[in-house]
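1. sharing a model prediction with you, sequence too.
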Amino acid sequence: MASPEINILFDSRNTWTRFIMMSNPTFKLASYNVHGWSDANYEENCERVAALIQKYDIDLVGFQESQGDDFGKVKSLLPAHEYVVDRTWNTSVLSRFPICDVTPGAKNLVAPYRNVHFNHVSEERRLHELSYLKKTLQPLLSDARALQIWLGDFNALTREDYNLEEWNNLSLRRTWLD
């Protein structure tokens, strides 16, 4: 006998993504800062981004720095995915599941998600952004049992995350040069 249908709703600024699943739902999430759709050599990487999403069979991916028209190109390479774009913050979301208007109800499990992109230069600014989010989302955060999904580029790098050569290269890329 089939298990009852479960709706899992993901909310991002009043846009709901509806996941219709059977019991034991599983799905793959990813977060990807695409740096304006170009790699470190300033080569367009839309095809490579789409290939990674397909290779790892990602259901929901949050992009950061996804400004520009190339997002449409990535979307065209992934016809099974729908998307939401927040042009204000240059973040976007691709979802394999339909994005539709629904009303949360008794058979729904609501899972708010946020796709964030914290400041990459100033730790003080990042902490301010985090404090603002915490204050704004306090009602949600106060329920320890609530299912939540946080995607994004938190830009909270530490020396321990890299070997010496990687760290030195990273600091060069993160420095403004005249």
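-> Good, I have the coordinates.
2. tell me what the helix ranked longest in the chain is packed against?
-> Once the chain is assigned using DSSP state H, the helix that runs over the most residues is helix 123-136. Judged by 3 or more C-beta pairs under 8 Å, 6 or more residues apart in numbering; DSSP states H and E, the packing partners of helix 123-136 are strand 113-117. Yep, even glycine has a C-beta here, placed from its N, CA and C like the rest.
3. mean confidence (pLDDT) on the strand it packs on, please.
-> The pLDDT scores in strand 113-117 average 80.
4. number the residues from 4 up from this point.
-> Done: numbering now begins at 4, and the last item shifts to strand 116-120.
5. phi first, then psi, for the nearest residue to H84 once chain neighbours are set aside.
-> Nearest residue to H84, sequence neighbours excluded (C-beta to C-beta, 6 or more residues apart in numbering): L97, at 4.4 Å. In terms of degrees, to the nearest 10, the main-chain angles of L97 are phi -110, psi 130.
6. so L97 touches I56, yeah?
-> Yes: counting by C-beta atoms under 8 Å, L97 touches I56, with 7.1 Å between them.
7. shared neighbours, the two?
-> Counting by C-beta atoms under 8 Å, 6 or more residues apart in numbering, the residues touching both L97 and I56 are V64, L81, H84.
8. so which of the residues you listed comes closest to N36?
-> V64 (11.3 Å; C-beta to C-beta).
9. is that closest one located within a strand, as I assumed?
-> Yes: looking at V64 with DSSP: H, G, I helix; E, B strand; the rest coil, it is inside a strand.
10. hmm, back to that, by neighbours, which of the shared contacts of L97 and I56 wins?
-> Neighbour tally across the shared contacts of L97 and I56 (other C-beta atoms under 10 Å): the maximum, 26 neighbours, falls on V64.
11. any stretches of this structure with poor pLDDT?
-> Low-confidence segments of the chain, defined by pLDDT under 70, are located at 4-28, 86-92, 101-115, 143, 147-149, 173-181.
12. please enumerate the helices of it.
-> Here the chain has its helices, by DSSP H, at 49-58, 73-80, 126-139, 141-144, 167-176.
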